[in-house]
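**Q** whatever this is, show me its structure:
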Amino acid sequence: MDIEQIIIVALIFGFPWLSYDYFKYKTKMKQLEAKLQDSEKVKVIDELDSVKHRLVVLEKLITDKGYEVNEEIRKL
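**A** Sure, this is the predicted structure:
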């Protein structure tokens, strides 16, 4: 057997293992990306909830009658 035949045989028998490992790797990467995206979604939802809570607090402060009186006094 010359070197070309050995390379061809090695490619033929090695290809299934290489392709299996490649697709296994790609599947694992997709799973990790999905987990990352889920955790990012949770972070964004938590941050949105925090911002909503802060907005409610600010609205209460602004609509409070005492706040208006204090603002008028401060302006004087």
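**Q** now do the same for the longest helix along the chain: mean pLDDT, whole number.
**A** Counting by DSSP state H, the longest helix found in the chain is helix 3-63. What helix 3-63 shows for mean pLDDT is 83.
**Q** just checking, what packs against it?
**A** The contact analysis (3 or more CB pairs under 8 Å, 6 or more residues apart in numbering; DSSP states H and E) places helix 3-63 against no helix or strand. (Glycine included, C-beta is placed from N, CA and C.)
**Q** going forward can the numbers begin at 381, since that is how I track them
**A** Renumbered: residue one is now 381, and that last one reads helix 383-443.
**Q** pull the number of nearby residues for residue 456.
**A** By other CB atoms under 10 Å, the residues close to residue 456 number 4.
**Q** hmm, back to that, downstream of the longest helix of the chain, the next helix or strand is which one?
**A** helix 445-455 (DSSP states H and E).
**Q** got the angle for that following helix vs helix 383-443?
**A** Computed by axes from the mean of the first three to the mean of the last three CA atoms, to 10 degrees, the angle separating helix 445-455 from helix 383-443 equals 80 degrees.
**Q** using CSV, write out the CA atom coordinates for helix 445-455.
**A** The C-alpha coordinates for helix 445-455 follow below in CSV (Å, rounded to 0.1, in the frame of the first residue of the first chain):
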residue,chain,number,x,y,z
LYS,A,445,-49.4,66.1,48.5
GLY,A,446,-46.5,66.6,50.9
TYR,A,447,-44.1,66.4,48.0
GLU,A,448,-45.9,69.2,46.2
VAL,A,449,-45.8,71.4,49.3
ASN,A,450,-42.1,70.8,49.8
GLU,A,451,-41.4,71.6,46.2
GLU,A,452,-43.3,74.9,46.5
ILE,A,453,-41.4,75.8,49.7
ARG,A,454,-38.1,74.8,48.1
LYS,A,455,-38.8,77.1,45.1
